[in-house]
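A.B. asks: coordinates only, sequence not included:
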């Protein structure tokens, strides 16, 4: 708790109306932004160019889950990178190697040399259909086509039941085997429209990351996106606060969390993404949520994004 408090109290200035301090960079985020982006703005639509400028002005330097086209990538302003996906290959694409290679070849022609591509997110919730051994094979195959880009698998959970006994097993990082260039995990913080900042997922992710030293760990948190409890602006306010104050409380927990890896070096989250901005009717881009968007910027400043 002391590290958590010091992060937010080692302040240089306090941002007006948000209560989030601009910290002295004890905990840094290398990459910060949104998981997917859309053109929704309430009942209106905005252009992709204006939406991306808006995000850049909020301190965002990466958009994950840009899909399987290049339109978003081609429009990214200076200082922003993208990650196509997630789920560029579906479970059916991995059913045989020839089929997977055909799809990977198509994707490589599109993304392998694109200057705005940081990496490719090849799977979505991969542990729902692949065990550790299979994930390693998938990663190695994809890396043949993307040797200069990060090959990323996305994990809704780190355990799987892909074994003959259908037993729940945690095998990420087994024997130190690499199955992704970035450990990218879901970090839920709201349950039934109420703020519920459990650290179980944080600890689970960092426990896994500790078994693969050198592999960065990122998290994404849905914010009034497509969950069943979303009923309009009210569920944003009940979950994240009238002025988004729970956003800073959550990121404080995420950035303060740390485990030592097998080499004794601290492991912590270096990438964080809100899901989403303009993709769903009442997410962060909804016009009435100006205070929540101010939190996005203040949090990025406090975490010294990209510095």
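C.D. replies: Sure, I can see it. Small disclaimer: the values here were computed from a predicted structure and weren't measured.
A.B. asks: Helix or strand with the lowest mean pLDDT in the chain?
C.D. replies: In the chain, no helix or strand scores lower on mean pLDDT, DSSP states H and E than strand 11-14, which sits at a mean of 38.
A.B. asks: Tell me which helix or strand comes right after the helix or strand hosting residue 51.
C.D. replies: Assigned by DSSP states H and E, residue 51 belongs to helix 48-57. The helix or strand immediately downstream of helix 48-57 is strand 62-64, counting by DSSP H and E.
A.B. asks: Other residues contacting whatever helix or strand comes next after that next one?
C.D. replies: Proceeding N to C from strand 62-64, the next assigned helix or strand is helix 71-75, under DSSP H and E. Residues outside helix 71-75 that contact it (Cβ atoms under 8 Å, 6 or more residues apart in numbering) are 37, 48, 49, 52, 63, 66, 82, 84, 111, 114, 116, 117. Heads up, the C-betas are built off the backbone N, CA and C, glycines and all.
A.B. asks: doesn't residue 248 make contact with residue 299?
C.D. replies: Yes: if you go by Cβ atoms under 8 Å, residue 299 and residue 248 touch, sitting 5.8 Å apart.
A.B. asks: Which residue ranges of the stretch 101-250 of the chain form strands?
C.D. replies: Remark: strands assigned in the stretch 101-250 of the chain by DSSP state E, counting those that start in this stretch are 119-123, 150-155, 159-160, 169-170, 183-186, 190-191, 194-195, 217-222.
A.B. asks: Tell me the helices and strands packed up against the helix holding residue 51.
C.D. replies: On a contact count with 3 or more Cβ pairs under 8 Å, 6 or more residues apart in numbering; DSSP states H and E, helix 48-57 meets helix 71-75.
A.B. asks: buried set for the helix it packs on?
C.D. replies: Of the residues in helix 71-75, 72, 73, 75 count as buried by neighbour count, 16 or more other Cβ atoms under 10 Å.
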